[in-house]
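*Asks:* Quick check, what structure comes out for this input:
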Amino acid sequence: MNNKLAKHLAMGSVLGALVTFGMASEKPNVIYILADDLGYGEVGYNGQKMIQTPELDAMAAAGMKFTAHYCGNAVCAPTRCSLMTGLHPGHAYIRANSPGYPNGQTPLPEGMETVATLAKRAGYTTAIIGKWGLGGVLEDVPNPVLNSGHPNKQGFDHFFGYLDQRKAHNYYPDHLWRNSEFVKLDNPGGAWGKGNKDYSHDLMTEEAVNWITTNKDKPMFLYLAYCIPHTHWQVPELGQYEDKDWPEEKFKIQAAMVSRMDRDIGRIKRLLEELGIAENTLIMFNSDNGAHGQGGTREFFDTTAGLKGKKRQMTEGGVRSPMLAYWPGNVPAGTSSDHISAFWDILPTLAELTGEKISGRTDGISMLPELLGKPEKQQKHNYLYWELYEGRPNCGVRMGKWKGIALDRRKGMNIELYDLEADETEQVNVAHEHPEVVERIREAMLEAHEPSPFWDKDNRPLYNAKAACALNDVNYVPRKPKAKKKK
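*Replies:* Presented below is the predicted three-dimensional model:
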């Protein structure tokens, strides 16, 4: 910890050590980088051998990596909701990808506390660049009416990227959004055609570089939500993987996408150094959920580092995130943390870092003592909880060394139990050997779950798209029917 930060540490009665800063210019910048569908084992610092991530590996070596940090959920929209609002999936407003809301996800309602609203109150300028997926527009045309979930209505001064998470599957879209501006792109060939020039990932990196440079003299909070390596498999060039003797072209593309993201994260790190603000900037890196595992990529690259399962599953391969934290002079270099934590801890961490109180409820616990190398002052969770309303309504609990999973809440919550200390890959269900632990986990699952206004107990949507719009007090704009393919 540097001397300037140490001078500003004060003890608070609720969250432990509270960092307060005398002047706005001394407040640390925060850059939160989120990959999309990146597996725990898809980075070199967690054992990946085939995909090269030298920039992230160097940051992990000069910072702290986390071996027990968990995503907000096992799929896109609900995990981002937990990240933004500091609520676990049993309390969060969004608990699945949209079941039919037009133009993307059911929007966050007005008045939500988010990491951005908190940062704004603390005097930060805020931006989200990349994939949002928590609401945005009523109709996907130039100059639309914004709904309550638009980033500019959830505390972000600046937005550039995708509003609709479904459109973020295509790296050569016909448009992106800059705040409420419809930004037409030079991609005449569609997703797979020739002549496309604007690769969305590259545009995001350029936007981030420009925004950081413009705001370097202000306290900054940047949420950089990259889409890599979510499919489609699209990349401008294969780079070092061009001549690899691999059985599938998509393997080369996947690797090239991840390495391209790694390259650009390194570019942002060096920009901070050039601007003289690296030692006043905390960078956190995560993935939104487990590896997508499509097309044999999980097996070929071992993207989960041997962990069981993948995206949409409550096993470790579906919810464990490859988190690292990098902050020269503050986060201890070359360290590893097994502190059990999750996305809903980011909001209270930002609160403690800035000295700004949270307005409303949170399920999180600040990770700041752990980040600063003070584990003896770090509060612990009694348990972590997830639930997901996609397919079977499954849920999971991490309680110390134990992991409990209910594959289908509709069928009496038959709980599988795993001892992660002895069986990290969740191969042996020991529920029958530890009925008292199973019962404690069952109680936690029941305690953590609150009914959602959108789903019934049998995982059926309680509304159609039109009713969803009425619930959120917006006008319903039906989707245009897809054109039938010519025979």
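
*Asks:* What segments of the stretch 1-150 of the chain are helices?
*Replies:* Taking DSSP state H, counting those that start in this stretch to define them, one finds helices in the stretch 1-150 of the chain at 3-7, 54-61, 76-85, 115-121.

*Asks:* If you could redo that for the stretch 201-350 of the chain, that was the one I meant.
*Replies:* Going by DSSP H, counting those that start in this stretch, the stretch 201-350 of the chain shows helices at 249-274, 297-301, 316-319, 346-354.

*Asks:* Quick check: which of those helices is nearest to Cys395?
*Replies:* helix 316-319 (11.1 Å; C-beta to C-beta). (Glycine included, C-beta is placed from N, CA and C.)

*Asks:* The closest one: how far from the chain's middle?
*Replies:* 13 Å (C-alpha atoms, centre = their mean, to the nearest Å).

*Asks:* With stretch 398-418 instead?
*Replies:* A distance of 23 Å separates the centroid of the chain from that of stretch 398-418, by C-alpha atoms, centre = their mean.

*Asks:* Quick one: residues contacting the residue most central in space within the chain.
*Replies:* The structure's the chain has its C-alpha centroid closest to Asp288; by C-alpha atoms, centre = their mean the separation is 3.4 Å. Counting by C-beta atoms under 8 Å, 6 or more residues apart in numbering, Asp288 makes contact with Leu34, Ala35, Asp36, Asp37, Cys71, Gly72, Cys76, Thr79, Arg80, Leu83.

*Asks:* could I get these as JSON lines with neighbour count?
*Replies:* Formatted as JSON lines, these follow (neighbours: other C-beta atoms under 10 Å):
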{"residue": "Leu34", "neighbour count": "24"}
{"residue": "Ala35", "neighbour count": "29"}
{"residue": "Asp36", "neighbour count": "25"}
{"residue": "Asp37", "neighbour count": "24"}
{"residue": "Cys71", "neighbour count": "27"}
{"residue": "Gly72", "neighbour count": "31"}
{"residue": "Cys76", "neighbour count": "26"}
{"residue": "Thr79", "neighbour count": "30"}
{"residue": "Arg80", "neighbour count": "29"}
{"residue": "Leu83", "neighbour count": "28"}
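
*Asks:* Widest-spaced pair of these?
*Replies:* Checking the contacts of Asp288 with C-beta to C-beta, the most distant pair is Asp37 and Leu83, at 15.0 Å.

*Asks:* quick check: domain ranges of the protein?
*Replies:* What automatic domain parsing lists as the domains of the chain is 26-377, 384-471.

*Asks:* Out of those, indicate the one that is most buried.
*Replies:* domain 26-377 (a mean of 21; mean count of other C-beta atoms under 10 Å).

*Asks:* for the stretch 51-200 of the chain, which spans come out with low pLDDT?
*Replies:* By pLDDT under 70, the weakly predicted segments of the stretch 51-200 of the chain are 99-100.

*Asks:* which residues in it form strands?
*Replies:* Ranges of strands within the stretch 51-200 of the chain are 64-66, 69-70, 125-131, 158-162, 175-178, 181-184, based on DSSP state E, counting those that start in this stretch.

*Asks:* before we move on, what about the stretch 301-450 of the chain?
*Replies:* Using DSSP E, counting those that start in this stretch, strands in the stretch 301-450 of the chain cover 324-326, 335-337, 341-342, 384-389, 393-399, 402-406, 415-419.

*Asks:* What is the fourth one packed up against?
*Replies:* With contacts taken as 3 or more C-beta pairs under 8 Å, 6 or more residues apart in numbering; DSSP states H and E, strand 384-389 sits against strand 393-399, helix 435-448.

*Asks:* go again using 6 Å as the cut-off
*Replies:* Taking 3 or more C-beta pairs under 6 Å, 6 or more residues apart in numbering; DSSP states H and E as contact, the helices and strands that strand 384-389 lies on are strand 393-399.

*Asks:* which one among the contacts of Asp288 gets closest to Leu108?
*Replies:* Among those, and counting by C-beta to C-beta, the member closest to Leu108 is Arg80, at 9.8 Å.

*Asks:* can you pull the contacts of the closest one?
*Replies:* Neighbour list for Arg80: Gly133, Leu134 [criterion: C-beta atoms under 6 Å, 6 or more residues apart in numbering].

*Asks:* try 8 Å this time
*Replies:* Applying C-beta under 8 Å, 6+ apart, the residues contacting Arg80 are Leu34, Gly72, Trp132, Gly133, Leu134, Ala225, Asp288.

*Asks:* which residues touch stretch 153-161?
*Replies:* 84, 108, 110, 112, 114-120, 125-132, 134, 146-147, 150-152, 168, 176-179, 183, 200, 203-204, 207, 211, 223, 225.

*Asks:* What pLDDT is listed against Tyr385?
*Replies:* You'll see Tyr385 listed with a pLDDT of 98.

*Asks:* Just give the closest residue to it, not the sequence neighbours.
*Replies:* Closest residue in space to Tyr385, ignoring its immediate chain neighbours: Ala448 at 3.9 Å, by C-beta to C-beta, 6 or more residues apart in numbering.

*Asks:* where's that neighbour relative to His91, distance?
*Replies:* In this view, Ala448 and His91 are 8 Å apart by C-beta to C-beta, to the nearest Å.

*Asks:* so where is the stretch 351-487 of the chain shaky, pLDDT-wise?
*Replies:* Using pLDDT under 70, the stretch 351-487 of the chain drops low at 463-487.

*Asks:* switch to 50 and redo it
*Replies:* 487 (pLDDT under 50).

*Asks:* what's Ile265 in contact with, if anything?
*Replies:* Ile265 is in contact with Ile33, Glu55, Leu56, Met59, Phe285, counting by C-beta under 8 Å, 6+ apart.

*Asks:* okay, the residues you listed in a markdown table with distance to His230 next?
*Replies:* Shown next, in a markdown table, are those (distance: C-beta to C-beta, whole Å):
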| residue | distance to His230 |
| --- | --- |
| Ile33 | 15 |
| Glu55 | 20 |
| Leu56 | 17 |
| Met59 | 22 |
| Phe285 | 16 |
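
*Asks:* now, which of the residues you listed sits nearest Asp217?
*Replies:* Ile33 (21.8 Å).

*Asks:* Relative to Ala431, how far out is the closest one?
*Replies:* 38 Å.

*Asks:* repeat for Pro247
*Replies:* 39 Å.

*Asks:* Over to Thr297?
*Replies:* 31 Å.

*Asks:* Can you tell me the closest non-neighbouring residue to Lys357?
*Replies:* In space, Lys357 is closest to Ala351, 6.6 Å off (C-beta to C-beta, 6+ apart).

*Asks:* How about Val43?
*Replies:* Thr53 (4.7 Å).

*Asks:* Tell me which residues touch the one you found, please.
*Replies:* Contacts of Thr53 (C-beta under 8 Å, 6+ apart): Glu42, Val43, Gly44, Tyr45, Val258, Ser259, Asp262.

*Asks:* Leu347: which of these is nearest?
*Replies:* Of those, the one sitting nearest to Leu347 (C-beta to C-beta) turns out to be Val43, at 24.7 Å.
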